[in-house]
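S.K.: Compute the structure for the input listed below.
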Amino acid sequence: MLKNLTKRREPLSFMLYLGILGSSLLFFFIIVVFINKEVSNQAIVISIPKVFWASTWVILASSSTLHWANKAFREERFRSYRLNISLTLLAGIAFMLLQAFGWRQMFMQGITMSNNTGGMFIYILSGLHIFHALGGIIALGVANRDAFKRMEYIDSYVYSVNPPNQLKLKLISIYWHFIDALWVILFLFLLYHAA
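M.R.: Below you'll find the predicted structure:
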């Protein structure tokens, strides 16, 4: 047992999990502020843009395509890997565009951060989430670029058996699945409190 505690850990994985913990705490405290305002008898009206439903399905689909990309990468099916990593990147970009469209819908309805407390929480939670998703999209873009740099099977194979490259895809996957789960939790929270 002591040997497991003193075993050398992969530092990038540790840093990623530390970042995920910090991000989770940030969102947790924003939700606590929201609940505290509701408990103190301040009715908060939330009107979720309909397009957020579509963005939720898109980000869920992106987690599926990323899962299939990982499976294809491990099984050395590099054409399938390239297709699925590209679909994941495109779905991530579509998610961000749909979120921006949702903000536009809210703004067109006159919901701003200064005149609507519920709108303020939607802008803050979804905005912080998009900021986090942007990091994932950049990482997916790098993975996508790397996938298409190596079109020959032997180049792809050499790339796929290199431990740092395996680790990179693993870390991107962990982070993107976190972004996915985080949005689903935030969306369900907002939906529960919606008018």
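S.K.: Is residue 76 in contact with residue 160, as I believe?
M.R.: Yes: using Cβ atoms under 8 Å, residue 76 is in contact with residue 160, at 6.3 Å. Placement of C-beta: from N, CA and C, glycine included.
S.K.: Mind checking which of those two has more residues around it?
M.R.: Neighbours were counted for residue 76 and for residue 160 using other Cβ atoms under 10 Å; residue 160 has more, 19 against 13.
S.K.: Now do the same contact list for the nearest residue to the more buried one once chain neighbours are set aside.
M.R.: The spatial neighbour of residue 160 that comes closest, neighbours along the chain excluded (Cβ to Cβ, 6 or more residues apart in numbering), is residue 73 at 5.9 Å. Contact analysis of residue 73 by Cβ atoms under 8 Å, 6 or more residues apart in numbering lists 81, 160, 169.
S.K.: Residue 73 is in what secondary structure piece?
M.R.: Using DSSP states H and E, residue 73 falls within helix 51-74.
S.K.: In that helix, which residues are buried?
M.R.: 51-52, 55-56, 58-59, 61-63, 65-66, 68-70, 72-73 (16 or more other Cβ atoms under 10 Å).
S.K.: try stretch 111-127
M.R.: So stretch 111-127, judged by 16+ other Cβ under 10 Å, has buried residues 111, 116-123, 125-126.
S.K.: same thing with stretch 88-102?
M.R.: Residues of stretch 88-102 classed as buried by neighbour count (16+ other Cβ under 10 Å): 88-89, 91-96, 98-99, 102.
S.K.: where do the helices sit along the protein?
M.R.: 2-6, 11-39, 51-74, 78-108, 117-149, 153-160, 163-192 (DSSP state H).
S.K.: out of the ones you listed, which comes closest to residue 45?
M.R.: Distance to residue 45, taken as Cβ to Cβ, is lowest for helix 117-149 among these, at 4.8 Å.
S.K.: The closest one to helix 163-192, inter-axis angle?
M.R.: Put simply, helix 117-149 runs at 160 degrees to helix 163-192, going by axes from the mean of the first three to the mean of the last three Cα atoms, to 10 degrees.
S.K.: what's helix 117-149 packed up against?
M.R.: helix 11-39, helix 78-108, helix 153-160, helix 163-192 (3 or more Cβ pairs under 8 Å, 6 or more residues apart in numbering; DSSP states H and E).
S.K.: what about the chain, any weak spots by pLDDT?
M.R.: For the chain, the stretches with pLDDT under 70 are 1-9, 41-43, 195.
S.K.: hmm, 80 instead?
M.R.: Applying pLDDT under 80 to the chain flags residues 1-10, 38-45, 116, 151, 157, 194-195.
S.K.: quick check, nearest of the contacts of residue 73 to residue 151?
M.R.: residue 81 (11.7 Å).
S.K.: Give me the nearest residue to that closest one, chain neighbours excluded.
M.R.: Residue nearest to residue 81 in three dimensions, not counting chain neighbours: residue 72, with 4.0 Å by Cβ to Cβ, 6+ apart.
S.K.: same thing with residue 63?
M.R.: Residue nearest to residue 63 in three dimensions, not counting chain neighbours: residue 180, with 4.4 Å by Cβ to Cβ, 6+ apart.
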